[in-house]
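S.K.: quick one, fold the following:
(one chain, ligands or ions: 1)
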Amino acid sequence: MDDCIFCKIARHEIPAQVVYEDDDLLAFRDLKPAAPVHVLIIPKKHISMLTHMTEEDGALIGKVMLTAKNLAASLDVADSGFRVVVNQGAQAGQSVFHIHFHLLGGRAMSWPPG
Ligand code: AMP
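M.R.: Here you go, the predicted structure:
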């Protein structure tokens, strides 16, 4: 997707603080962190939102969750606790329409979210 900001980050066309990369995924620091640890994990494949995920994306999205677990450990929030969040659609707060998983940690969090 030529005009997708997260596709551009995945192609390294615009800068980001990358904390993890492999052939399928990229993880980078959120520009406006909502917690001491706030990383976005994206598949390099453009999937605009969770509801556009197909059966064939299952392994890819499963890999995102495994990467979230591994990053939580390497960023030292695995033991204290962390949250993995997908905002699906405008009412849920999705502002970038390339699927991304927020990994948040390093502070106490309340429930339900606002
Ligand atoms: P959401 O509201 O769930 O779509 O989350 C989008 C997130 O992307 C927000 O937390 C933004 O701060 C973050 N964001 C937007 N542009 C960038 C960027 N260029 N680099 C890093 N994070 C970004």
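S.K.: the longest strand seen in the chain pairs with which strands?
M.R.: Secondary structure assigned by DSSP state E gives strand 37-43 as the longest strand of the chain. Strand 37-43 has its sheet partners listed here by DSSP bridges as strand 25-29 (antiparallel), strand 101-105 (antiparallel).
S.K.: what comes up buried for the last one?
M.R.: Residues Phe101, His102, Leu103, Leu104, Gly105 are the ones in strand 101-105 that count as buried (16 or more other CB atoms under 10 Å). Yep, even glycine has a C-beta here, placed from its N, CA and C like the rest.
S.K.: can you tell me which helix in the protein is longest?
M.R.: Longest helix of the chain, by residue count under DSSP state H: helix 58-74.
S.K.: coming back round to it: of the buried residues of strand 101-105, which is the nearest to Tyr20?
M.R.: The closest of the buried residues of strand 101-105 to Tyr20 turns out to be Leu103 (CB to CB; 10.1 Å).
S.K.: ok, the closest one touching Ala78?
M.R.: No: if you go by CB atoms under 8 Å, Leu103 and Ala78 don't touch, sitting 10.7 Å apart.
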